[in-house]
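In: need a structure here:
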Amino acid sequence: MEEQRISVPRLEGVSQEHFMQHLYPQRKPLVLEGIDLGACTSKWTVDYLSQVGGKKEVKIHVAAVAQMDFISKNFVYRTLPFDKLVQRAAEEKHKEFFISENEKYYLRSLGEDPRKVMDNILIQVTGKKRVVLFSPRDAQYLYLSGTKSEVLNIDNPDLAKYPLFSQARRYECSLKAGDVLFIPALWFHNVISEEFGVGVNVFWKHLPSECYDKTDTYGNKDPTAASRAAQILDRAIKTLAELPEEYQDFYARRMVLHIQDKAYSKNFE
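Out: Have a look, this model is predicted:
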């Protein structure tokens, strides 16, 4: 099956009221253009960021290649003063390096995991990015390990190893300085920086507060109802283990069909 590619819609001059009342409820990615972000789009140069950020040490990911794999962890953690990080990240080749002169750096300011169950806007302050997104409705095609896809090279996937990946609908957009991308909760996203740049993410809860784990400061955990359901499913699978393998296989398949029939939404495309 040929891969389905969909361009993320771009809209200019959208008011906050229109976004919240008409666009936000659609739960689809959207690029907003022409939003006044203030002076940061011109002011946040390498020199300015180096000066303002100073020499506070930050923990960074360092990888030999641009595609960081958070499953096999093809990167190392290192520490640099913030000003040195900015200067190195803006270089084409590095005179000083940890792994190689072409190594790539990534700074995530909060924690090790993205906030996977919260809504998110990515504000591209400077630089350019290419973003590819996949709907949570296509999760069965993404070969998930936990919350991450095993398919790293999405532009040239190994379809012998990941044959279902071609059925996933691919939403694409390019972000330039000043663009704002709305990423609804649960949407998978793959981001490639096409040049040095700064992005700012803003997260907020889509569901009522009582749906979330109160100890989950950064919104990394599943909603409490989903966590309970996963625990119940684990217990069901362990119970099936009491049966011979042939019976386990049959009843597990029947459980999957039951979930598809009863739990999947049938009115969402």
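In: Show me what the spatially most central residue of the chain is bridged to.
Out: Central residue of the chain (CA atoms, centre = their mean): residue 189, 4.0 Å from the mean position. For residue 189, the beta-bridge partners under DSSP bridges are residue 133.
In: State the distance from it to residue 117.
Out: To residue 117, residue 189 is 14 Å away according to CB to CB, to the nearest Å. C-beta coordinates here come from the backbone N, C-alpha and C atoms, glycine included.
In: Check residue 27 too.
Out: 13 Å.
In: which of the two has more neighbours?
Out: Between residue 27 and residue 117, residue 117 has the larger neighbour count (other CB atoms under 10 Å), namely 22 against 16.
In: quick one: the more buried one and residue 227 touch, right?
Out: No. Here residue 117 does not reach residue 227: they are 10.4 Å apart, not a contact under CB atoms under 8 Å.
In: Between those two, which contacts overlap?
Out: residue 221 (CB atoms under 8 Å, 6 or more residues apart in numbering).
In: which ones are touching residue 139?
Out: Residue 139 sits in contact with residue 188, where contact means CB under 8 Å, 6+ apart.
In: just checking, it is part of a helix?
Out: Yes. Note on residue 139: a helix contains this position according to DSSP: H, G, I helix; E, B strand; the rest coil.
In: Residue numbering should commence at 845 henceforth.
Out: Taking 845 as the first residue, the last one we looked at is residue 983.
In: any idea how far it is from residue 1092?
Out: Residue 983 is 24 Å from residue 1092, where distance means CB to CB.
In: domains of this structure?
Out: 845-880+957-1052, 881-951, 1068-1106 (automatic domain parsing).
In: Nearest to residue 1059, out of the ones you listed?
Out: Relative to residue 1059, the nearest member of the domains of the chain by CB to CB is domain 1068-1106, separated by 10.5 Å.
In: average pLDDT for that closest one?
Out: The pLDDT scores in domain 1068-1106 average 93.
In: Now the terminal residues of it, how far apart.
Out: End-to-end distance for domain 1068-1106, by CA to CA, to the nearest Å: 20 Å.
In: can you give me the offset of that domain from its chain's centre?
Out: 28 Å (CA atoms, centre = their mean, to the nearest Å).
In: which residues of the chain score low on pLDDT?
Out: 845-847, 953-960, 1061-1063, 1109-1113 (pLDDT under 70).
In: quick one: the strands in it?
Out: Taking DSSP state E as the criterion, the chain carries its strands at 848-851, 854-856, 874-877, 901-907, 919-925, 948-950, 963-970, 973-978, 988-989, 992-993, 1013-1019, 1024-1027, 1032-1037, 1042-1048.
In: how about the third one as PDB, C-alpha atoms only?
Out: The C-alpha trace of strand 874-877 is given here as PDB (Å, rounded to 0.1, in the frame of the first residue of the first chain):
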ATOM      1  CA  LEU A 874      -2.400  22.900  12.700                       C
ATOM      2  CA  VAL A 875       0.300  25.500  11.800                       C
ATOM      3  CA  LEU A 876      -0.600  29.000  12.900                       C
ATOM      4  CA  GLU A 877       1.200  31.900  11.000                       C
END
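In: Going by neighbour count, which residues in it are buried?
Out: Neighbour-count burial for strand 874-877 flags 874-876 (criterion: 16 or more other CB atoms under 10 Å).
In: Next up, the contacts around residue 879.
Out: Here residue 879 is in contact with 858, 1022, 1024 (CB under 8 Å, 6+ apart).
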